[in-house]
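1. show me how the following folds:
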Amino acid sequence: MSMSQQFKARINDLYVSFKKHDDTQKDRLQRYRNIEPDSAHFLAMQIRIQKSKKVLEIGTSTGYSTLWLADALQVTQGQLTTLEIDAVRSQQAQQFAQEFGLDPLIQFWVGDAKDYLAECTEKYDLILLDAERDAYVDYWSDLKRLLSKQGGILIVDNVISHAEEVKAFTHLVKEEGNYLLSTLPLGAGLLVITAKDYDV
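-> Below you'll find the predicted structure:
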């Protein structure tokens, strides 16, 4: 059963262990930097509300958010593609997905997200962007192309905690004029982006 007590207990244990690891790492890149529980819960709710079928995650890390997304996609009978440049972390995430029995719902892709986005021709109902923030501006032209025109949403993490680092990206989207943006004070801050009109 999706979102069972067992799922919630185990996912909480994972978050605690990932957080303990991060607390011991001085180098930012050595940290797992998983999304916060409040943000993960919101994403899982959004998938259910939207009845998302196809979801893209940019930045798997060790798979904390991946598990939340896939668990929600069990309800909608959807599929998740998750991108991660670090093969070791992607493998860790795959192992957790197998433990949770969610691996049939997930395609794990290892490499530079820019390459995947440039070649992808899918349309996604929901895209979670939680990667290296200095790449977001370069991603934008592909992100808007891949976002479903029927109410698809892009959610960007860390927009409050790292506001300066996402400023150029946010400005770029606003300048376009065809998108609605809203910042939610959940976790490190989530920016929700959707097209104003379905024919954008």
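2. so M45: helix, strand or coil?
-> For M45, the secondary structure call by DSSP: H, G, I helix; E, B strand; the rest coil comes out as helix.
3. nearest spatial neighbour of it, skipping sequence neighbours?
-> Ranked by Cβ to Cβ, 6 or more residues apart in numbering and with sequence neighbours excluded, the top spatial neighbour of M45 is A72, at 7.7 Å. Glycine gets a C-beta too; all of them are placed from N, C-alpha and C.
4. now do E36
-> G187 (3.1 Å).
5. looking at it, that neighbour is touching S39, isn't it?
-> Yes. Counting by Cβ atoms under 8 Å, G187 does reach S39; the two are 3.5 Å apart.
6. in the helix or strand of the chain with the lowest mean pLDDT, which residues are buried?
-> One helix or strand of the chain scores below all others by mean pLDDT, DSSP states H and E: helix 5-23, with a mean of 78. By neighbour count, with 16 or more other Cβ atoms under 10 Å as the criterion, the buried positions of helix 5-23 are 7, 11, 14-15, 18.
7. and the two most separated of the residues you listed?
-> F7 and F18 (16.2 Å; Cβ to Cβ).
8. where along this structure do the helices fall?
-> 5-23, 37-50, 64-76, 87-100, 113-119, 136-146, 163-176 (DSSP state H).
9. residues in a beta bridge with the residue nearest the centre of the chain, which ones?
-> The structure's the chain has its C-alpha centroid closest to L128; by Cα atoms, centre = their mean the separation is 2.9 Å. For L128, the beta-bridge partners are E57, I155 (DSSP bridges).
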